[in-house]
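Colleague: sequence first, then the predicted structure:
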Amino acid sequence: MIFEHLPTTPTSEELIDTAFSRAARAGRAKSGAEAQQSMLQTASNVLSDNLGNVATEWPDFREVDPFYYELADAIVDVDELRQSLSEIQWASRKTKEIGREYQGKLTGDPDTDRKFRKQGFARLADVVEEVDEDLARVGEARNDLRDLPDIDAAEPTIVVAGYPNVGKSSFVNAVTNASNEIAEYPFTTKGVRVGHFERERIRYQIVDTPGLLDRPADERNDIENQAVSALTHLADAILFVVDASGYCGYPLDAQLQLRDDLAEQFGDVPVLTVANKSDLSTDVDADAYMSVENDENVSEVLDAAVEAVGYEPELPFDGE
Ligand SMILES: Nc1nc2c(ncn2[C@@H]2O[C@H](COP(=O)(O)OP(=O)(O)O)[C@@H](O)[C@H]2O)c(=O)[nH]1
Ligand SMILES: [Mg+2]
């Protein structure tokens, strides 16, 4: 996951402490004017490098997959985050510049140079303090985004939808291996289940999203709606599960209405209507019927979903 390995972001205080204590150490290794010169250089380099690293460790948002972009934007304000990252980039350049500027002022006289070195340190500290809030914002964003579920936007993906208790989780459990991970979205209290299975050596992702695709849009809050919008970039097929028996507690017409709404919101993404609990009722017009409980027609439904995805792997030896 692209936001998983971002290192912790230092605070402005930590940055200044690190830079000035490294500078002091560098100064102690020398004497006279040389010590002042070395301290300035070290402080400026350490600050410039560390600030630069904060900014460059983030992926370039212009190239981030739209799924991740929208998902990230549901949790943090990506525009603000990018703004802060560019402020930090500015501070990195500025601390380098100040280092150069004060190098140019040095005279070779230890006392004069000590004064310049102190002035230089004060200017460096000012610049870092100026991006204090930006560093804090980036640090928070990093903490919020690193726990996003491990979803690979590039993998062919089946998104399971349908009202609660129709059998979505039962289906996902039945068709994926035990190593399913359940990841928490920061904006829903319910876990998001991401499972995997293979067909003809292609790895597919199957995503169960309780709290998001199990009720009408007007019952979702803004953040949840944005997460659904992010999912439109991820889904290659929707497997919409209905329960014709009514045992789930929701009338069939409401279930089919939700399907139609999702079909519209997901645009070109194919929607497969699957009637589960065929052991209880098949009284609905659907693309397929199954009973997860009785293991009836389950693998056929998965085949149909794979078919709907229609994934064509790029063949490395094509045309040779
Ligand atoms: N009779 C019957 N019950 C089922 C079937 N599939 C799932 N269930 C039951 O329906 C309930 C809800 O299933 P669950 O997978 O949690 O639904 P979800 O809320 O859509 O994820 C559970 O008690 C399941 O045991 C089925 O094919 N037939
Ligand atoms: Mg469930």
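Modeller: Looks like it came in fine. Ligands and ions are numbered 1, 2, ... in the order given.
Colleague: burial count for the closest residue to ligand 2 within the stretch 1-150 of the chain?
Modeller: Relative to ligand 2, the nearest point of the stretch 1-150 of the chain is Pro149 (15.1 Å; CB to the ion). In this view, the C-beta of every residue, glycine as well, is placed from N, C-alpha and C. Residues lying near Pro149 (other CB atoms under 10 Å) number 18.
Colleague: make 47 the starting number, not 1.
Modeller: All right, first residue 47 from here; so that's Pro195.
Colleague: from memory it sits against Val240, does it?
Modeller: Yes - in this structure, Pro195 is within contact of Val240 by CB atoms under 8 Å, at 5.6 Å.
Colleague: now do the phi/psi pair for Gly295.
Modeller: For Gly295, the backbone dihedrals (degrees, to the nearest 10) come out as phi 100, psi 0.
Colleague: which residues touch it?
Modeller: If you count contacts by CB atoms under 8 Å, 6 or more residues apart in numbering, Gly295 has them with Pro210, Asn211.
Colleague: at 7 Å what do you get?
Modeller: By CB atoms under 7 Å, 6 or more residues apart in numbering, Gly295 lies in contact with Asn211.
Colleague: same check, this time on the one 10 residues further on
Modeller: The contact partners of Arg305, by CB under 7 Å, 6+ apart, come to Phe286, Val317, Thr319.
Colleague: buried subset of the residues you listed?
Modeller: Among these, those classed as buried by 16 or more other CB atoms under 10 Å are Phe286, Val317, Thr319.
Colleague: so which of the residues you listed are in strands?
Modeller: Phe286, Val317, Thr319 (DSSP state E).
Colleague: so can I have a markdown table of those showing distance to ligand 2 and pLDDT?
Modeller: Putting those into a markdown table (distance: CB to the ion, whole Å; pLDDT from 0 to 100) gives the following:
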| residue | distance to ligand 2 | pLDDT |
| --- | --- | --- |
| Phe286 | 14 | 98 |
| Val317 | 19 | 98 |
| Thr319 | 18 | 98 |
